[in-house]
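Novice: Build me a structure from this.
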Amino acid sequence: MLLKTYDEQSLLFNTNFLEDTSSGGFAYRGELVIEEGEVADAKGRRKPPVALLFGAVLLEESEKLKLVVGLLNDLSQLELLLEKYGKDLADDLAAMIFVRNIGNPMLVETGGKTFNLLPLDEGIPWNEAIEELALEKSDFKGQSAGDKLVTLYNEMKGFKPRGASVVTLEEALDQTIEVKHTARGPV
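Specialist: Next up is the predicted model:
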């Protein structure tokens, strides 16, 4: 059970849920640690993670990740994600990664896998994925939280964002943009 192993290794952070699916797999929503914090004390406890896949939506079946959805602050973190979890990705992977520092949708082919990369300044990856796939609440009616991820996976197979060009990871990294943060909240 891959996701349970991640949990034991403290690679799942701010867990929303980790549960079985009716298809025999496991589903997870929360954050996924991409780069762990350094060891903080003699007992091996760590400082907070350095990099996360925010709003991670993961579906595991047969000890492989079949669905990966989440938000990266920087496209360069995709390389770290692949270094850490690349061996665990299924051949029939469906991946939708929202990235803050890209301006246009892209299809990145790397390591024999295709990643749908979509620009997103702010938002929740789960909600954005549902909107991108034009799913509605009725599509999930009566399903457990885990089975909703199975529905998302089935809808995402074969998905390609409109206007997305197919590029290598290196080409995608050359197309990043500078993100300007605006002040929010009371002044």
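
Novice: mind listing what residue 25 touches?
Specialist: 59, 60, 61, 62, 66, 146, 150 (Cβ atoms under 8 Å, 6 or more residues apart in numbering). C-beta: built from backbone N, CA, C; applies to glycine.

Novice: do you know how far it is from residue 61?
Specialist: Using Cβ to Cβ, to the nearest Å, residue 25 is found at 4 Å from residue 61.

Novice: what ranges do the helices span in this structure?
Specialist: Under the criterion DSSP state H, the chain carries helices at the ranges 2-8, 77-85, 125-132, 145-156, 169-173.

Novice: Using JSON lines, please lay out those together with mean pLDDT, mean neighbour count and distance to residue 100.
Specialist: Compiled in JSON lines, these are given as follows (pLDDT from 0 to 100; neighbours: other Cβ atoms under 10 Å; distance: least, Cβ to Cβ, whole Å):
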{"stretch": "helix 2-8", "mean pLDDT": "94", "mean neighbour count": "16", "distance to residue 100": "24"}
{"stretch": "helix 77-85", "mean pLDDT": "95", "mean neighbour count": "18", "distance to residue 100": "10"}
{"stretch": "helix 125-132", "mean pLDDT": "95", "mean neighbour count": "18", "distance to residue 100": "12"}
{"stretch": "helix 145-156", "mean pLDDT": "95", "mean neighbour count": "20", "distance to residue 100": "21"}
{"stretch": "helix 169-173", "mean pLDDT": "89", "mean neighbour count": "16", "distance to residue 100": "14"}
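
Novice: Keep only those of the contacts of residue 25 that are in strands.
Specialist: In this view, the contacts of residue 25 that belong to strands under DSSP state E are 59, 60, 61, 66.

Novice: Tell me the bridge partners for the residue nearest to residue 59 when sequence neighbours are not counted.
Specialist: Closest residue to residue 59 apart from its sequence neighbours, by Cβ to Cβ, 6 or more residues apart in numbering: residue 67 at 3.7 Å. Beta bridges link residue 67 to residue 59, residue 94 when assigned by DSSP bridges.

Novice: Use 15 as the first number from now on
Specialist: Taking 15 as the first residue, the last one we looked at is residue 81.

Novice: For residue 81, the count of nearby residues, please.
Specialist: Counted with other Cβ atoms under 10 Å, the neighbours of residue 81 add up to 26.

Novice: what's it in contact with, if anything?
Specialist: Residues in contact with residue 81 (Cβ under 8 Å, 6+ apart) are 71, 72, 73, 107, 108, 109, 163, 166, 167, 170.

Novice: Please, where are all the strands along the chain?
Specialist: Using DSSP E, the strands of the chain run over residues 26-34, 40-49, 65-75, 78-86, 103-113, 120-124, 127-133, 179-181.
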